[in-house]
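Visitor: I would like the atomic coordinates for the input below:
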Amino acid sequence: MRKLQHISIYDFALSNGQTKSIDLTYQIFGQALHTAPIVLINHALTGNSNVTGINGWWNDVVGDQNIIDTQKYTILCFNIPGNGFDSKEENLIDNYKDFTVNDIAKIFEIGLYTLNIDSIHTVIGTSLGGGITWHLAVNNPNLFDNIVVVASHWKADDWLIGNVFIQDNILNNSNRPIEDARMHAMTFYRTATSFNHKFNNLKEANYYAIENWLQYHGNTLKNRFQLSSYKLMNHLLKTIEVAKTEEEFISKASKISGQIHLITINTDGLFLSDHNWDTYIQLKPKKENISISEIKSIHGHDAFLIEFEQLSKILKPIFQYSNLNKEALTKYKQAAS
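Guide: I've put the predicted structure just below:
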């Protein structure tokens with residue numbers, strides 16, 4: 001695993017006016033910083049900065065000669081503060097309801113500034129990371145050449161907020177909070193069709209296969225995730241809100257200079273596909289350089305972790321190295337020499 005690096009941020013002002021010192025951790029993969037085009041990846045709820053390599057959660061997309069090629073790009077991924085990936089108990093966050101996704105975006109912005117990054121080829125985020133991506137793009141409309149939002153949206157809807165509320169109650173009231181919350185979450189990360197196709201009422205000893213599978217996922221997360229981290233990450237989902245109204249969103253998003261790529265999933269039960277299509281239809285008249293693609297899958301929200309062939313086909317044109325302009329390539333080659 002690539003070395004986990006740290007940026008100390010003192011007295012960061014949260015949206016609610018409180019201040020908090022933050023230890024922002026990150027990993028860099030591929031080419032050295034400032035020697036190649038940069039790809040910023042924003043991870044999902046139980047994800048982390050380890051996007052590729054040993055235990056990399058996105059090895060099928062990021063790596064040597066993969067779609068996001070570590071031979072051609074610098075890949076940067078910050079950990080959402082409090083996700084516990086640094087294994088330091090003192091960096092966990094108990095006052096999780098004080099934080100918003102926009103706070104996380106601003107913390108990442110400080111990280112980029114500290115690393116002297118003023119231009120990014122692509123920012124890409126999945127699920128919760130997609131919400132962070134929207135906030136970053138609106139806050140920094142000229143920073144990114146490409147903005148890729150996968151299985152997410154610019155605003156949490158009532159369905160998502162309701163599920164976050166149920167998860168929060170499980171996490172605060174269950175005797176097995178992580179296991180039970182994770183099992184519940186898996187039912188809306190997938191679909192009924194996906195479950196029925198996978199398990200077909202199969203029984204193993206005295207349990208249905210679906211029950212064993214849910215228990216496995218609950219126990220696996222319990223062994224690698226802190227309760228406070230789960231509470232924070234879950235809470236952040238409902239704070240995704242680039243704008244209060246669609247009109248305000250259109251006004252903000254239309255000012256983004258980079259190409260926006262929306263990638264939705266037709267069966268997503270967490271971030272509904274219809275919302276992304278509505279966003280595309282509403283924003284297109286104001287912003288020509290926006291596109292939308294849809295992954296077709298029975299697997300629901302988790303399809304972005306399953307349907308790699310479809311996802312890679314969608315991402316390929318964005319990460320074709322030949323698409324970089326000559327001026328950018330010359331700059332990176334000079335920096336590397």
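
Visitor: which one's the longest helix in the protein?
Guide: helix 158-173 (DSSP state H).

Visitor: which residues touch the residue most central in space within the chain?
Guide: When Cα atoms, centre = their mean is applied to the chain, the residue found nearest the centroid is Gly129 (2.0 Å). Counting by Cβ atoms under 8 Å, 6 or more residues apart in numbering, Gly129 makes contact with Ile41, Asn42, His43, Ala44, Gly47, Ser152. Just so you know, the C-beta spots here come from the backbone N, C-alpha and C atoms, and that holds for glycine as well.

Visitor: and the residue lying closest to it once chain neighbours are set aside, how far is that from Leu76?
Guide: Closest residue in space to Gly129, ignoring its immediate chain neighbours: Asn42 at 3.3 Å, by Cβ to Cβ, 6 or more residues apart in numbering. Noted for Asn42: a distance of 10 Å to Leu76, by Cβ to Cβ, to the nearest Å.

Visitor: let me know the pLDDT of Ala44.
Guide: At Ala44, the pLDDT value in this model is 97.

Visitor: how about the contacts made by it?
Guide: Thr126, Ser127, Leu128, Gly129.

Visitor: Ile290 against Leu262, yeah?
Guide: Yes. At 7.2 Å, Ile290 counts as touching Leu262 under the criterion of Cβ atoms under 8 Å.

Visitor: so for the two, which sits in the more crowded spot?
Guide: Using other Cβ atoms under 10 Å, the more surrounded residue of Ile290 and Leu262 is Leu262, with 25 against 19.

Visitor: hang on, the earlier thing: mutual contacts of Ile290 and Leu262, please.
Guide: What both Ile290 and Leu262 touch, as defined by Cβ under 8 Å, 6+ apart, is the set Tyr280.

Visitor: now do the domain split for this structure, please.
Guide: By the assignment in automatic domain parsing, the chain contains the domains 5-154+243-336, 159-235.

Visitor: hey, which of those is tucked in deepest?
Guide: Comparing these by mean neighbour count (mean count of other Cβ atoms under 10 Å), domain 5-154+243-336 comes out on top with a mean of 19.

Visitor: do you know how far the residue nearest to Ile41 when sequence neighbours are not counted is from Thr133?
Guide: Spatial nearest neighbour of Ile41, chain neighbours left out: Cys77 (4.5 Å); criterion: Cβ to Cβ, 6+ apart. Per Cβ to Cβ, Cys77 is found 12 Å from Thr133.

Visitor: anything in contact with each of those two?
Guide: Asn42.

Visitor: all the helices of this protein, residue numbers only.
Guide: 101-114, 128-139, 158-173, 177-189, 192-199, 209-222, 227-237, 246-253, 273-283, 308-315, 326-336.

Visitor: and the ones you listed as a markdown table, adding mean pLDDT?
Guide: Formatted as a markdown table, the helices of the chain follow (pLDDT from 0 to 100):
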| stretch | mean pLDDT |
| --- | --- |
| helix 101-114 | 99 |
| helix 128-139 | 99 |
| helix 158-173 | 99 |
| helix 177-189 | 98 |
| helix 192-199 | 97 |
| helix 209-222 | 97 |
| helix 227-237 | 99 |
| helix 246-253 | 98 |
| helix 273-283 | 98 |
| helix 308-315 | 96 |
| helix 326-336 | 58 |
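
Visitor: fine by me, thanks again.
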